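**Q** This is a predicted model, with the sequence first.
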Amino acid sequence: MRYNTNVPLREFILINTNSLRKLLLSFLPFVNSDARLENEYMLLRELLELDNIKQVTVSYKKPSWNIKKIEEKFNKLYDVNSEDALSEYCQEFYFLQGIVGQFIGSIKDTTSYEFFDEFISKMTFENNPSQMLALYMAMVSFFKSNEIAPLDFYKVLDNIDGLGVLDNIKIQIKKEASNKTIELDGLSEGEHQLKLIIALKELFKQTDCLFLLDEPDTYLHPEWQITLMEYLVNHFNHQVLITTHSTYALNRLTNDNLFVMKSGNVDKVREYSLYGADGDSILDFFQIVNNIQPDRVKAQIVKAKECIERMEFENAEHIIIELEKEMPSVHPDILELRRLMKLKKILG
């Protein structure tokens, strides 16, 4: 960046695992409000199982940064009429001003609204066509445009969250297999992460953006790690930069997409193909991990090779049998020892 040169700024949006609630809520008015939008988002509706969402409850909290103004206005109203003061305090969401206050005010009439105490108030949305259409029309009115997208809704929700006004979002989901209703937190880590990635792809589909995913496979079952990486490789049409330590993720990538970072240097992987490779090979050749096996096992393998080299086949066989008590007979190291011994017997 050169001094005194205008550089266009690109918007940066931080997404974490807790963002899935805001993402799902952002899509609901668009997939369940009118036929045109339903057709446009039909695939997304299926992938995210949006029809299984039964209810969404959004809880707001009194912002810590506005307490003095809130108290002054409330006390002034309270001196005149305590009941009216409390009612207005509830209905106006702590007298919030600006875009946040306007947005909350524009959607509060589309749903049931409860005021629990001076710190928490809640809106509950039923996922049905009439309520989602009302919410969609409220957003059209707020944005003063029919050309709105889920990303517009998400940005406002994210702004509300960033300002410390959003307390939490609870999403009730009906699981078809058990016919039970659970909360979003009841999903497995794999389901949660895959839905998050799918939602992100769809949310930004009309934008030219770069995704930075920091170890998205962390804590996932190996099958989910593979599923997630295959989805990113085969279905993402954006540029994606991913960091990972997962051998299950790496063996789904070709060398064209792989770089290794070591000692501050970034190099392209050329000498070894990881696609379809087993985990031990990836660790050994790519991540340069030398402690895959216990030292005791490594020492026995070295000893067996020395016996084979000296043509002490009986001793080598005894070591191999002992190793097979701890390792499968089809382990690459066991197979390599037997291959070396057979070759040595033939060639001498």
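**A** Received it, and whenever you're ready, just let me know what you need.
**Q** Where does pLDDT dip in this structure?
**A** For the chain, applying pLDDT under 70 flags the ranges 1-10, 33-40, 65-98, 115-119, 270-274, 276-292.
**Q** all strands of it, in order?
**A** If DSSP state E is used as the criterion, the strands of the chain fall at 53-61, 112-115, 120-126, 166-175, 180-183, 210-214, 239-243, 259-262, 265-268.
**Q** so which of those strands gets nearest Val156?
**A** Shortest separation from Val156 across the strands of the chain is recorded for strand 166-175, at 10.4 Å, computed as C-beta to C-beta. For every residue, glycine as well, the C-beta is placed using N, CA and C.
**Q** what angle do that closest one and strand 53-61 make?
**A** For strand 166-175 against strand 53-61, the angle by axes from the mean of the first three to the mean of the last three C-alpha atoms, to 10 degrees is 170 degrees.
**Q** okay, the angle between strand 166-175 and strand 120-126?
**A** Comparing the axes of strand 166-175 and strand 120-126 via the same axes, to 10 degrees yields an angle of 30 degrees.
**Q** which residues touch strand 166-175?
**A** Counting contacts by C-beta atoms under 8 Å, 6 or more residues apart in numbering, the residues outside strand 166-175 that touch it are 21-22, 24-25, 49, 52-61, 120, 157, 160, 180-184, 186-187.
**Q** got a markdown table for the strands of the chain, with mean neighbour count too?
**A** Shown next, in a markdown table, are these (neighbours: other C-beta atoms under 10 Å):
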| stretch | mean neighbour count |
| --- | --- |
| strand 53-61 | 18 |
| strand 112-115 | 14 |
| strand 120-126 | 18 |
| strand 166-175 | 17 |
| strand 180-183 | 12 |
| strand 210-214 | 14 |
| strand 239-243 | 13 |
| strand 259-262 | 10 |
| strand 265-268 | 9 |
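**Q** Nearest to Leu133 among those would be which one?
**A** The closest approach between Leu133 and any of the strands of the chain, judged by C-beta to C-beta, belongs to strand 120-126 at 11.7 Å.
**Q** Sheet-wise, list the partners of the closest one with their directions.
**A** According to DSSP bridges, the neighbouring strands of strand 120-126, each with its direction, are strand 53-61 (antiparallel), strand 112-115 (antiparallel).
**Q** right, and those strands - which one's nearest Ile319?
**A** Using C-beta to C-beta as the criterion, the shortest distance between Ile319 and the strands paired with strand 120-126 is 59.8 Å, found for strand 53-61.
**Q** wait, which of the strands paired with strand 120-126 is closest to Tyr231?
**A** If we rank the strands paired with strand 120-126 by C-beta to C-beta, the stretch that ends up nearest is strand 53-61, at 21.0 Å.
**Q** Pull the closest one out as CSV, backbone CA atoms only.
**A** What follows is the C-alpha trace of strand 53-61 in CSV, where atoms were taken according to Å, rounded to 0.1, in the frame of the first residue of the first chain:
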residue,chain,number,x,y,z
ILE,A,53,-37.4,-25.3,11.8
LYS,A,54,-40.5,-24.8,13.8
GLN,A,55,-39.8,-21.7,15.9
VAL,A,56,-37.2,-19.0,16.4
THR,A,57,-37.0,-16.9,19.5
VAL,A,58,-34.8,-13.8,19.5
SER,A,59,-33.8,-12.3,22.8
TYR,A,60,-32.7,-8.7,23.2
LYS,A,61,-30.9,-7.1,26.1
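**Q** And the contacts of it?
**A** Residues external to strand 53-61 that are found in contact with it (C-beta under 8 Å, 6+ apart): 24-25, 28, 93-94, 104, 119-127, 160, 164-174, 181.
**Q** cool, stretch 238-248 as well?
**A** Counting by C-beta under 8 Å, 6+ apart, 201, 204, 209-217, 222, 225-226, 229, 232, 249-250, 279, 282-283, 287 sit against stretch 238-248.
**Q** Name only those of those residues that count as buried.
**A** Among the contacts of stretch 238-248, those buried by neighbour count (16 or more other C-beta atoms under 10 Å) are 201, 204, 209, 211, 213, 216-217, 225-226, 229, 232, 249-250, 282-283.
**Q** Which two among those are spaced furthest apart?
**A** Farthest-apart pair in those is Phe204 and Leu283; separation 33.9 Å (C-beta to C-beta).
**Q** Return the backbone torsion pair for Ala177.
**A** Recorded main-chain torsions at Ala177 are phi -60, psi -40, according to degrees, to the nearest 10.
**Q** circling back: so which of the strands of the chain gets nearest Leu196?
**A** Smallest distance to Leu196 across these (C-beta to C-beta): 10.0 Å, for strand 210-214.
**Q** how big is the angle separating the closest one from strand 239-243?
**A** Put simply, strand 210-214 runs at 10 degrees to strand 239-243, going by the same axes, to 10 degrees.
**Q** Please name every helix or strand in contact with strand 210-214.
**A** If contacts are counted by 3 or more C-beta pairs under 8 Å, 6 or more residues apart in numbering; DSSP states H and E, strand 210-214 sits against strand 239-243.
**Q** who does the strand it packs on pair up with?
**A** With DSSP bridges as the test, strand 239-243 is paired with strand 210-214 (parallel).
**Q** CA atoms of the strand it pairs with as PDB?
**A** Taking only C-alpha atoms (Å, rounded to 0.1, in the frame of the first residue of the first chain), the coordinates of strand 210-214 have been written out as PDB:
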ATOM      1  CA  LEU A 210     -12.600 -14.500  -0.300                       C
ATOM      2  CA  PHE A 211     -13.400 -17.000   2.500                       C
ATOM      3  CA  LEU A 212     -10.800 -17.500   5.200                       C
ATOM      4  CA  LEU A 213     -11.600 -20.800   7.100                       C
ATOM      5  CA  ASP A 214      -9.500 -21.500  10.100                       C
END
